[in-house]
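Undergrad: Next input, structure requested:
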Amino acid sequence: MSRIGKMPIAIPAGVTVEIAENNKVTVKGPKGTLERVLPAEMDIKVEAGHVIVSRPNDLKRMKSLHGLTRTLINNMVVGVLKGYEKVLEINGVGYRGAKTGKKLVLNLGYSHQVEMVDPEGIETVMDGQNKIIVKGIDKEKVGQFAAEIRDKRRPEPYKGKGIKYAEETIRRKVGKTGKK
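TA: This next block holds a predicted model:
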């Protein structure tokens, strides 16, 4: 039995979970509404303030889908209740970011400025010039947009310049040494 899959998901106050046909799950909460179509093979039920996910048999595919389905629903519940955020840091001389309306403008040492528009349901906030906070209710979209921002200038191992996650540590390398 999947250890994650068999755990029930508690539905907090202010959050409603509805399951339609073909396992279309709709979660409504104070921060917004999320919808997702989950694998049709899984059996999802709402019982006494909890969401319970069970699988029909013990095939390898069903075992892997069991834990995934439960985690996806849990991420939706947490998202509409608290929301998700990722913090990115810009390191490097002359590297900075600015926010104009829904556009994030980054100076990353290129000959041009990099402009990124916030996608639907995602908000970016600048904390100073070197900290970007990506906020939203959908964990997947927040992580994806944060990764796209990071890809504009990944941190390099010699000087540590670039955009990195706040919790990320960059493995530093020793540079070249002169002739003796």
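Undergrad: Which strand in this protein has the most residues?
TA: strand 84-91 (DSSP state E).
Undergrad: list the helices and strands that strand packs on?
TA: Contacts defined by 3 or more CB pairs under 8 Å, 6 or more residues apart in numbering; DSSP states H and E place strand 84-91 against strand 131-136, helix 139-151, strand 162-165. C-beta coordinates here come from the backbone N, C-alpha and C atoms, glycine included.
Undergrad: Please name whichever of these is nearest to Ile52.
TA: helix 139-151 (21.3 Å; CB to CB).
Undergrad: Kindly calculate the angle that the closest one makes with strand 131-136.
TA: Interaxial angle, helix 139-151 versus strand 131-136 (axes from the mean of the first three to the mean of the last three CA atoms, to 10 degrees): 150 degrees.
Undergrad: Buried residues, helix 139-151. List them.
TA: Neighbour-count burial for helix 139-151 flags 139, 141-142, 145-146, 149-150 (criterion: 16 or more other CB atoms under 10 Å).
Undergrad: In the sheet, which strands lie alongside the longest strand of the chain, parallel or antiparallel?
TA: Using DSSP bridges, the strands paired with strand 84-91 in its sheet are strand 131-136 (antiparallel), strand 162-165 (antiparallel).
Undergrad: For that strand, what does the pLDDT average out to?
TA: Throughout strand 84-91, pLDDT has a mean value of 95.
Undergrad: packing partners for the helix or strand harbouring Leu34?
TA: Using DSSP states H and E, Leu34 maps to strand 32-37. Judged by 3+ CB pairs under 8 Å, 6+ apart, strand 32-37 is in contact with strand 24-29, helix 60-81.
Undergrad: mind giving me CSV with those and columns for distance to Lys176?
TA: Output for the helices and strands packed on strand 32-37, formatted as CSV (distance: least, CB to CB, whole Å):
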stretch, distance to Lys176
strand 24-29, 54
helix 60-81, 45
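Undergrad: Same list (the ones you listed) but as a markdown table, adding distance to Arg36, mean pLDDT and mean neighbour count.
TA: Listed next are the helices and strands packed on strand 32-37 as a markdown table, based on distance: least, CB to CB, whole Å; pLDDT from 0 to 100; neighbours: other CB atoms under 10 Å:
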| stretch | distance to Arg36 | mean pLDDT | mean neighbour count |
| --- | --- | --- | --- |
| strand 24-29 | 6 | 93 | 19 |
| helix 60-81 | 6 | 93 | 19 |
